[in-house]
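[1] sharing a model prediction with you, sequence too.
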Amino acid sequence: MHAFNYKEIRTPVFEETALFARSIGELTDIVGKEMYTFQDRSETSLTLKPEMTASVIRAYIQHNLGELQPLTKVYYLSPMFRQERPQAGRLRQFHQFGAEAIGGNSAIIDAENIALAVAIYKRVGVKDYSVKINSVGCEKCRPAYKEKLKSYLNNVFEKLSSESRNRFEQNPLRILDSKDETDKALTKDAPLIKDNLCQECTSHFNELQSALTRLHVGYSVDGTIVRGLDYYTKTAFEIVSGDLGSQDALAGGGRYDLLTEQLGGKQTPAVGFAAGIERLLIVMEKQGIDTHDPVHPQVFLASADEHGKQWAIQKSLELRQAGIACEIDLLGRSLKAQMREADRQHATVVIVVGEQELKQEQVTLKQMSSGEQLTVKTVDLTSTLQKLLSS
Ligand code: HAM
């Protein structure tokens, strides 16, 4: 996130319910069936955040973040709550990381945002994911397309699933996203929004594709990506993995140029994505990627006697202040037990100190991987360790 110059934002775990209803959309699954909503003591309706974009925009408006810089780039890592039927990759409390760029129209920002998500998957070593992009149009081209889609669907209306029939009037685009096999077959040849865009949306979509190519992001255009939240305009995208089963989206996002104004702010174009952390872990485990990032002490200061122990306590403070992770014995163990502990914790360097060493003002470092030993003056210990551990 920092490499792409996004700065962290943290928002409260709950917001007023109306914020989510107005942004995500009254007719979406999230608002209609999945929110954890409750009243506080003053009878204000609150909701545990089911996603972050609405909260970020609320904060952006409330704190005038747009006045600080023309393009606000923020990222987050936070728990989210949706009352869905739990299954693999679908939890009621899950975690997302995500990034929002608020204040620019250019499709290059969309491409950079997608490239950021991809860079994270690359960094952790995930293979075999695919980036699917679409354009869901804008308020100029979407109404006419909706009518076109509805007249196509009218012919098969009776055969659609009840869920899709319910979506027909208000949200027919979501029918294209149905998981129902019959719906899928019935909508196979339905008109797609990407083929019915206005001039502005078409050139934005073309610009997105050439920027992705320049950023070396492989992608495919998928006209059925419509997303389950109502705020999208133009770019919509998902990153999917075959290792996830039916809940195959690792990440999803897109542009939402109307949301800030809808929530009471100035007209401000924006784009962002969010990614499920538990789904990432499932994929990493399936692909045999180590998901643990254990903390190892770089240095273990083992004490041979009381003198050594007192010295180690003081020295540990100095080493830690110098940025060297270190551990000392905190359980009063024998030297032999301390050496075993250093080994168990995979310390890089072990130093044994006692009265003898301190009298001579020098200690012996043992590099655990090679077994190599080095005698160093106590005054030079911190600088020697810094050099040794950075090489
Ligand atoms: P979303 O598609 O609802 O988009 O969620 C993004 C990601 O969160 C999904 O692709 C999935 O990995 C993960 N996720 C969603 N629900 C669950 C669940 N119940 N259990 C586990 N993981 C889940 C959004 O939330 C938008 N705010 C994305 C965005 C940001 N659009 C613009 N900016």
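    Cool, got the structure. Numbering: from 1, shown residues only.

[2] tell me the buried residues in stretch 92-112?
    94-112 (16 or more other CB atoms under 10 Å). (Each C-beta comes from the backbone N, C-alpha and C, glycine too.)

[3] residues near residue 2, how many?
    8 (other CB atoms under 10 Å).

[4] name the SS class of it, please.
    Classification of residue 2 by DSSP: H, G, I helix; E, B strand; the rest coil places it in coil.

[5] torsion angles phi and psi at it?
    Note on residue 2: backbone dihedrals following degrees, to the nearest 10 are phi -70, psi -30.

[6] contacting residues for residue 44?
    Counting by CB atoms under 8 Å, 6 or more residues apart in numbering, residue 44 touches residue 16.

[7] from the buried residues of stretch 92-112, which land in strands?
    Those of the buried residues of stretch 92-112 mapping onto strands are 94-102, per DSSP state E.

[8] give me the spatial nearest neighbour of residue 239, chain neighbours excluded.
    Nearest non-adjacent residue to residue 239, counting by CB to CB, 6 or more residues apart in numbering: residue 251, 4.3 Å away.

[9] can you tell me the SS state at that neighbour?
    strand.

[10] neighbours around it, how many?
    The tally of other residues near residue 251 (other CB under 10 Å) stands at 25.

[11] bridged to it, which residues?
    Counting by DSSP bridges, residue 251 is bridged to residue 239, residue 275.

[12] for residue 232, see how far away it is.
    To residue 232, residue 251 is 14 Å away according to CB to CB, to the nearest Å.

[13] residue 142 reaches residue 136, doesn't it?
    Yes - using CB atoms under 8 Å, residue 142 is in contact with residue 136, at 7.1 Å.

[14] give me the more crowded residue out of the two.
    residue 136 (23 against 19).

[15] report the contact partners of the more buried one.
    142, 173, 193, 226-227, 232-236, 254.

[16] same for the ligand: which of those are within range?
    residue 254 (CB under 6 Å from any ligand atom).

[17] now do the helices in the chain.
    For the chain, the helices defined by DSSP state H occupy 17-24, 29, 53-62, 107-124, 142-154, 162-167, 181-186, 199-214, 259-262, 277-286, 306-321, 335-344, 355-359, 381-390.

[18] turn those into TSV, including mean pLDDT.
    As requested, the helices of the chain are exported to TSV (pLDDT from 0 to 100):
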stretch	mean pLDDT
helix 17-24	97
helix 29	91
helix 53-62	98
helix 107-124	97
helix 142-154	95
helix 162-167	92
helix 181-186	94
helix 199-214	98
helix 259-262	98
helix 277-286	97
helix 306-321	96
helix 335-344	95
helix 355-359	95
helix 381-390	94
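
[19] interface residues of this structure facing the ligand?
    So far as CB under 6 Å from any ligand atom goes, the chain lies against the ligand at 51-53, 82, 84, 89-91, 94, 96, 98, 100, 228-229, 249-254, 256, 272-276, 278-279.

[20] residue 383 and residue 179: what is the separation?
    61 Å.

[21] again, but for residue 202
    29 Å.

[22] between those two, which one's more packed in?
    The neighbour count for residue 202 versus residue 179, taken as other CB under 10 Å, is higher for residue 202 (16 against 10).

[23] list the contacts of residue 229.
    So residue 229 contacts 23-25, 28, 30, 51, 53 (CB under 8 Å, 6+ apart).

[24] mind listing what's buried along stretch 171-182?
    171-178.

[25] got JSON lines for these, with pLDDT too?
    Converted to JSON lines, the buried residues of stretch 171-182 look like this (pLDDT from 0 to 100):
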{"residue": "171", "pLDDT": "88"}
{"residue": "172", "pLDDT": "93"}
{"residue": "173", "pLDDT": "93"}
{"residue": "174", "pLDDT": "91"}
{"residue": "175", "pLDDT": "94"}
{"residue": "176", "pLDDT": "92"}
{"residue": "177", "pLDDT": "86"}
{"residue": "178", "pLDDT": "88"}
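
[26] got the contact list for the residue nearest to residue 366 when sequence neighbours are not counted?
    In this structure, residue 366 finds its nearest non-sequential neighbour in residue 350, 4.8 Å apart by CB to CB, 6+ apart. Shown in contact with residue 350 (CB under 8 Å, 6+ apart): 299-300, 302, 339, 342, 365-366, 368.
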